[in-house]
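Undergrad: starting from these lines, generate the structure:
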Amino acid sequence: MKKKLCILSISLIIILSVIFSLNTEVTIKQGINRKVSTIKIPLYLKILDFFDRHYNYKLLVNRILQNSKTEKEKIVKLFEWTHSHIKKMPEGFPVVDDHVWHIIVRGYGARDQSQDVFTTLCSYAGANAFFDRVYERNQVFSMPLSLVKLNNAWRVFDTYNGVYFVNSSGEIATINEIKKGDWQLKKITQSSMTAVDYEAYLANLPSIKEVDYQRANIQSPLKRLIYEIRKWMTPDKVKVKIFSHIYVSYTELKLAVTSPDKIIYKIFV
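TA: Now for the predicted structure:
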């Protein structure tokens, strides 16, 4: 009897502890027209929202890619879907930055948000992908572009304008081929964009060796858990992106928040 009572008491304590923990107040970030605000919500709601987005991503990608066979076919389908369904920002509408899934629900987004959706869907399809702001040589003007690893080589896409780049053989051009000048525009819709619009940026594409944590690849529960554990255990080694091609440790990022005017890219988690 005493043993059963002890087990019951321990179980009750555990249940109450879990309930208390799940009701702990946590925060999320939301940007509206580039102004970031902090919103307080209970932990259980943040967890439920996270899993809701995760399974919605999986269902959406499976629906888009049904009957797709090759890796190239999958990437092109996701590219076409993103360009078709994420419309350009209507004039006067606010730019809202919070979660990628919310961009999909809204059905419109800014230039970088279109790339954000595409690379996240690519990640759920099993591809290594992220988007970045590529600067021209003078580091004054930039253009958000999606970078996707296809058949062991990085390729460049612009979902916002419905443009990607092919080589002289008609295949999707690699970064190395683009740097050598072997590229031309491939448009999936009528667009005013021309080769001249991209030349200065494509000439300055990065040579990608390794990709660390990006928003696109930490949306699934397992990858997010690994990311959070590494961030907690080794904050000086976990790198996140704040500038184009510039990565800093999580500790450095927290210090950088004291100078928000210097941060041009923020990951909302």
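Undergrad: C-alpha only now, for contacts and for neighbours.
TA: Noted.
Undergrad: tell me the spacing between Q115 and L145.
TA: Separation of Q115 from L145 (Cα to Cα, to the nearest Å): 6 Å.
Undergrad: common neighbours of these two, please.
TA: 131, 158-159 (Cα atoms under 8 Å, 6 or more residues apart in numbering).
Undergrad: take the residues you listed and keep only those in strands.
TA: 131, 158 (DSSP state E).
Undergrad: flag the least confident of the shared contacts of Q115 and L145.
TA: Least confident of these in the model: F131, at 91.
Undergrad: any idea which helix or strand carries the closest residue to that one other than its chain neighbours?
TA: Spatial nearest neighbour of F131, excluding adjacent residues (Cα to Cα, 6 or more residues apart in numbering): S146 at 4.2 Å. Per DSSP states H and E, S146 falls inside strand 142-150.
Undergrad: contacts for that strand next, please.
TA: By Cα under 8 Å, 6+ apart, strand 142-150 touches 71-72, 111-112, 115-116, 118-119, 122, 127-136, 154-159, 201.
Undergrad: does A200 belong to a helix, a strand or coil?
TA: Following DSSP: H, G, I helix; E, B strand; the rest coil, A200 is assigned to helix.
Undergrad: contact partners for it?
TA: Shown in contact with A200 (Cα under 8 Å, 6+ apart): 136-137.
Undergrad: same check, this time on V26
TA: Applying Cα under 8 Å, 6+ apart, we find V26 in contact with 40-43.
Undergrad: show me those residues that map onto helices.
TA: Among those, the members falling in helices (DSSP state H) are L43.
Undergrad: just send the contacts of V26 back as JSON lines, with neighbour count and distance to K209 too.
TA: Formatted as JSON lines, the contacts of V26 follow (neighbours: other Cα atoms under 10 Å; distance: Cα to Cα, whole Å):
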{"residue": "K40", "neighbour count": "11", "distance to K209": "38"}
{"residue": "I41", "neighbour count": "14", "distance to K209": "39"}
{"residue": "P42", "neighbour count": "14", "distance to K209": "39"}
{"residue": "L43", "neighbour count": "17", "distance to K209": "37"}
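Undergrad: farthest-separated two in the contacts of V26?
TA: Between any two of those, the greatest separation by Cα to Cα is 9.3 Å, found for K40 and L43.
Undergrad: overlap of the contact sets of those two?
TA: Residues touching both K40 and L43 (Cα under 8 Å, 6+ apart) are 25-26.
Undergrad: residues near the spatially closest residue to D116 that is not a sequence neighbour, how many?
TA: Spatial nearest neighbour of D116, excluding adjacent residues (Cα to Cα, 6+ apart): F131 at 6.4 Å. When neighbours are defined as other Cα atoms under 10 Å, F131 has 26 of them.
Undergrad: so who does F131 touch?
TA: 112, 115-116, 119, 144-147.
Undergrad: which of the residues you listed are buried?
TA: Burial by neighbour count, 16 or more other Cα atoms under 10 Å: within the contacts of F131 this picks out 112, 115-116, 119, 144-147.
Undergrad: give me the low-pLDDT residue ranges for the stretch 101-250 of the chain?
TA: Residues of the stretch 101-250 of the chain that meet the criterion pLDDT under 70 lie in 210-228, 231-250.
Undergrad: the same query, at a cut-off of 50, please.
TA: Where the stretch 101-250 of the chain drops to pLDDT under 50, the residues are 240-250.
Undergrad: hey, where'd the strands end up in the protein?
TA: 25-32, 35-42, 87-88, 96-97, 108-109, 129-135, 142-150, 153-158, 163-166, 184-187, 239-243, 246-249.
Undergrad: so the longest one versus strand 129-135, what angle?
TA: In this case it means strand 142-150. Strand 142-150 and strand 129-135 are oriented at 150 degrees to each other (axes from the mean of the first three to the mean of the last three Cα atoms, to 10 degrees).
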